[in-house]
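**Q** can you look at this prediction? I've put the sequence above it.
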Amino acid sequence: MDNDTVPVTGVDELDAHLDQLLADPALPPTVKLFDDVELQLNSANIPPLIPRLLPKLTEILQQYQQDPAVLCSLAVKLLAPVTFTQVLSMASEESLIQALRSPAPSANLLAMAILEKAARSPADAAILAMMNSIVSAFLTTWLSAPQVEVGEKGTKVLGDLLDTDCETRPPPGGPSSTLNGMEITLRNKPAGQGLMWRRVFHDRDIYGLVLSLGSRGPHQNAEGGLSEQQLTLAQGRLMRVMPRLAALNLAAVTRTDFPDLNERYVETHVSNDQGLLHFVALHMVDKEDLLMHLNLVDFFEELVSLQRITPFSTFKMDTLRALMREVLQGDDRLRSAMVDLPNRTVPEEAEELRNFVREIIQL
């Protein structure tokens, strides 16, 4: 008998246990029942189990009082073949927000796995962009969660969503690059509608939220503000995603409609229209903090390496020259790292990268 058609053993017992958990949210889960079923799941036997198990899992998670890790793990597995719009027919917007706001990282990761499905098509990304409260809750959890795995998942999901939703695409046959294990593909793909970009960069509340979570100021120590460790993580996550976003749409990340928000969260004078890239690159990090300065060096190395393979434009070169001119003032460590960067890349790309670095820092 083909392995794909072998019935999943233990489903009846698990189904009965889900009924028990529905009746008593304080009941601890029988982990072995979940593990035994989940280990048997594959692309062939998951679909018939979805209508049987997923509605119960969804209802339990909305009221569950114990650690939901085993429930969330099974839910992620069952949701694998389900589209974003199909999920929305089974789970309410409120339940997704509840999962994003949960103190349990497994619930955060489940919600982010659902949002990740919206990156499969521009149409789904556009639907998510209209869900303002979910986008806000997602960005808050991404930047403030203390767990590394939640931050890493959020960084990937945000990058994938904005990639799918990007309105501008380079000519066919463009290059691709891999940095820190994340592939940045610049090849031609269907253009998006730009609605997620507008939600993140042109929605005053959302843009202000991102600035506030990444900046040091009176709000940080206020009730509900980020701890010092959380602020460090938030800044690291912003530095992690920005090179990818700048490669997708440099104009979008270098300008803002809200100069007054810049004034609120940036202590030094900035140009009226400088956007999130300038905030992250020039104003966010305390360079006296050695670890954060090392992260900033990594950020500029990724930014420059990616910009080297994006299509040429005068705007791009002018933007990078101005950015490097400002950030390199009095920062010999960063200057040395940028000059040495071509020596630490693959040999076949070293010379082109060396020439690019010379152009933007005008050696």
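**A** Received the coordinates, thanks.

**Q** number of nearby residues for the nearest residue to Leu303 once chain neighbours are set aside?
**A** Leaving aside its sequence neighbours, Leu303 sits nearest to Pro243 (CB to CB, 6 or more residues apart in numbering; 4.4 Å). For the C-beta atoms, the positions are set from N, CA and C on the backbone; glycine is no exception. For Pro243, the neighbour count with other CB atoms under 10 Å is 28.

**Q** need the pLDDT of Pro243.
**A** According to the prediction, Pro243 has pLDDT 97.

**Q** so it makes contact with Arg308?
**A** No. Pro243 lies out of contact with Arg308 (CB atoms under 8 Å); the separation is 11.2 Å.

**Q** for the stretch 51-200 of the chain, which spans come out with low pLDDT?
**A** 170-188 (pLDDT under 70).

**Q** what about the helices in it?
**A** In the stretch 51-200 of the chain, the segments counted as helices under DSSP state H, counting those that start in this stretch are 69-79, 84-90, 93-101, 105-116, 122-129, 132-144, 148-165, 195-202.

**Q** how far off centre is the shortest one?
**A** I take that to be helix 84-90. 21 Å (CA atoms, centre = their mean, to the nearest Å).

**Q** helices or strands next to that helix in the packing?
**A** Here helix 84-90 touches helix 50-61, helix 105-116, helix 122-129, going by 3 or more CB pairs under 8 Å, 6 or more residues apart in numbering; DSSP states H and E.

**Q** winner for burial among those?
**A** Across those, averaging neighbours per residue (mean count of other CB atoms under 10 Å) puts helix 105-116 on top, at a mean of 23.

**Q** ok, and what's touching it?
**A** With contact meaning CB atoms under 8 Å, 6 or more residues apart in numbering, helix 105-116 is reached by 61, 67-69, 71-73, 75-76, 79, 84, 87, 91, 96, 99-100, 102, 128, 134, 138, 141-142, 145, 147, 149-150, 153-154, 156-157, 160-161.

**Q** which residue is the nearest non-sequential neighbour of Ala104?
**A** Nearest to Ala104 is Pro68, by CB to CB, 6+ apart, at 5.5 Å.

**Q** gap between the one you found and Phe34?
**A** 11 Å (CB to CB, to the nearest Å).

**Q** for the residue nearest the centre of the chain, give me its contacts.
**A** The residue lying closest to the centre of the chain (CA atoms, centre = their mean) is Thr155, at 2.3 Å. Each residue near Thr155 by CB under 8 Å, 6+ apart is listed here: 142, 237, 240-241.

**Q** mind doing that once more with 7 Å?
**A** 237, 240-241 (CB atoms under 7 Å, 6 or more residues apart in numbering).

**Q** check Leu14 too.
**A** By CB under 7 Å, 6+ apart, the neighbours of Leu14 are 33-34, 37.
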